[in-house]
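[1] the following block contains a protein sequence and its predicted model.
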Amino acid sequence: MAVSPATPATAGETPTAVAAGASPLVAGILASCALAHLINDLIQSVLPSIYPMLKDSYGLTFTQIGLITLAFQITASLLQPWIGFHTDRHPKPYLLPAGMVCTLIGVLLLAFVGSFPAILAASALIGVGSSTFHPETSRVARLASGGRFGLAQSTFQVGGNAGTAIGPLLAAAIVIPYGQTHVAWFALFALFAIGVQYGLSRWYRNHLRSAKGRKAAAVSHGLSRGRVTFALIVLALLVFSKYIYMASITSYFTFYLIERFGLSVASSQLHLFLFLGAVAAGTFFGGPIGDRIGRKAVIWFSILGAAPFTLALPYVDLFWTSVLSVVIGFILASAFSAIVVYAQELVPGNVGMIAGIFFGLMFGFSAIAAAGLGNLADHRGIEYVYQLCSYMPLLGILTILLPSTRRKAV
């Protein structure tokens, strides 16, 4: 028996009834998914957090810094949709802990490598772990949602955002003062996450067994394949606009603060933490609000609503830079959960594939942006990067092209 989602106030973007095989709300499983996501993204955030140290130690250019991000995010983005597509049809619970094992190997390699190519290889291995983690754990969170899909996606996402926010602080305390080899301490987090993922894999396996033979009523949103394809393209463009800007912050905000305001590495990390903390808060509220008022309303506010603040940020002093970065992080972050759930409603029965596609797009666009923006910073300066990126949220106007996803029983 499944719990129905909260009735939304806005017609046209109504959350669906519980998908086939969904269980009642299982808070413990949702919390475990969020915890695993926290650890996964905490480990991943160590990499950009130590960029200034790596840049000094190995004499890297901004272009090479971008290539490190590219190595991680290309493996993370390219594999995710295929893993999701395959496991939608052939569930593989054991992939949950297996993906974290890849992350563990990547962390240990990163701690003890001594060359730029080896750093690229370590980054790529961490990306492989991420490509397995996101579609599979996102699917488990949805199965445990009791039909409150926005809440489940936001709970899952906020764990990752919290980990991304905490990672730079731990890197500043553990790695930056003592050197690259201290990255190995994060292997302990990976080992703990393997245990959490093993527990989730057991619940997932038992859920699959108990769900056999149960069948939910078929539903349809009434949209043609062409309309669905067009809507997915619009969503991809919205993710593009969001993550081009997010990449400028996550990869280069510390460099921007150091160059423009003369901050130390440690002080710049604290400002990055404030931004990432705001991202975590925005993510938490975006999904449940979407359950009630509709996905499109959240997407409208999240992307286009950030534009006035991104346009102002390159021209203000340090105090207002801190304030605006927090506002921007909160507003922009509220969109992703709504976008993923909206896309899953467009293509029912393909939860893992859609999660893989949109997490893959997130990583892929971030990777391309990191490499391209790094090259641009080398040639035009880091301040020019923020002036250019400030226009990206204006693409949020494309939300007007998204159709209704209200479903009809068939």
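    Done, it's in.
[2] run a quick neighbour tally on residue 284.
    Using other Cβ atoms under 10 Å, residue 284 has 23 other residues around it. Bear in mind the C-beta positions are built from the backbone N, C-alpha and C, glycine included.
[3] and the one helix or strand it maps to, what's its mean pLDDT?
    Assigned by DSSP states H and E, residue 284 belongs to helix 265-293. Computed over helix 265-293, the mean pLDDT rounds to 81.
[4] in it, what's buried?
    Within helix 265-293, the residues that qualify as buried are 265, 267-273, 275-293, counting by 16 or more other Cβ atoms under 10 Å.
[5] right, and the helix or strand after it?
    Next along the chain after helix 265-293, taking DSSP H and E as the criterion, comes helix 295-299.
[6] which other helices and strands does that next one contact?
    In terms of contacts (3 or more Cβ pairs under 8 Å, 6 or more residues apart in numbering; DSSP states H and E), helix 295-299 is packed against helix 265-293, helix 335-346.
[7] tabulate those helices (a markdown table), appending distance to residue 246.
    Output for those, formatted as a markdown table (distance: least, Cβ to Cβ, whole Å):
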| stretch | distance to residue 246 |
| --- | --- |
| helix 265-293 | 8 |
| helix 335-346 | 10 |
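[8] list just the one of these that sits closest to residue 80.
    helix 335-346 (12.1 Å; Cβ to Cβ).
[9] ok, and what's touching stretch 315-331?
    245, 249, 253, 257, 261, 263, 271, 274-279, 281-282, 301-302, 305-306, 309-310, 312-313 (Cβ atoms under 8 Å, 6 or more residues apart in numbering).
[10] show me the shaky parts of the stretch 301-410 of the chain.
    Low-confidence regions of the stretch 301-410 of the chain, defined by pLDDT under 70, span residues 362-364, 366-367, 405-410.
[11] oops, could you answer that again for the stretch 1-150 of the chain instead?
    The model of the stretch 1-150 of the chain has pLDDT under 70 over residues 1-23.
[12] helix or strand for residue 187, which one?
    Mapping residue 187 onto the secondary structure by DSSP H and E places it in helix 186-211.
[13] residue 25 now?
    For residue 25, there is no helix or strand it lies in under DSSP H and E.
[14] look up the closest residue to it, ignoring the ones flanking it.
    Counting by Cβ to Cβ, 6 or more residues apart in numbering, residue 146 is the residue found nearest to residue 25 once chain neighbours are left out, at 3.1 Å.
[15] check residue 336 too.
    Among residues not flanking residue 336 along the chain, residue 157 sits closest, at 6.3 Å (Cβ to Cβ, 6+ apart).
[16] where exactly do the strands run in this structure?
    For the chain, applying DSSP state E gives strands covering 219-220, 408-409.
[17] count of residues packed around residue 56?
    By other Cβ under 10 Å, the burial measure for residue 56, its neighbour count, is 10.
[18] ah, wrong one, I meant residue 169
    By other Cβ under 10 Å, the residues close to residue 169 number 19.
[19] one more: the one 4 residues further on?
    Residues near residue 173, counting by other Cβ under 10 Å, number 13.
[20] and the pLDDT for it?
    Model confidence at residue 173, expressed as pLDDT, equals 89.
[21] if I look at it, how far off is residue 225?
    When Cβ to Cβ, to the nearest Å is the yardstick, residue 173 and residue 225 sit 52 Å from each other.
[22] please apply the same query to residue 144.
    Distance of residue 144 to residue 225, computed by Cβ to Cβ: 30 Å.
[23] which residues does residue 181 contact?
    Counting by Cβ under 8 Å, 6+ apart, residue 181 makes contact with 111-112.
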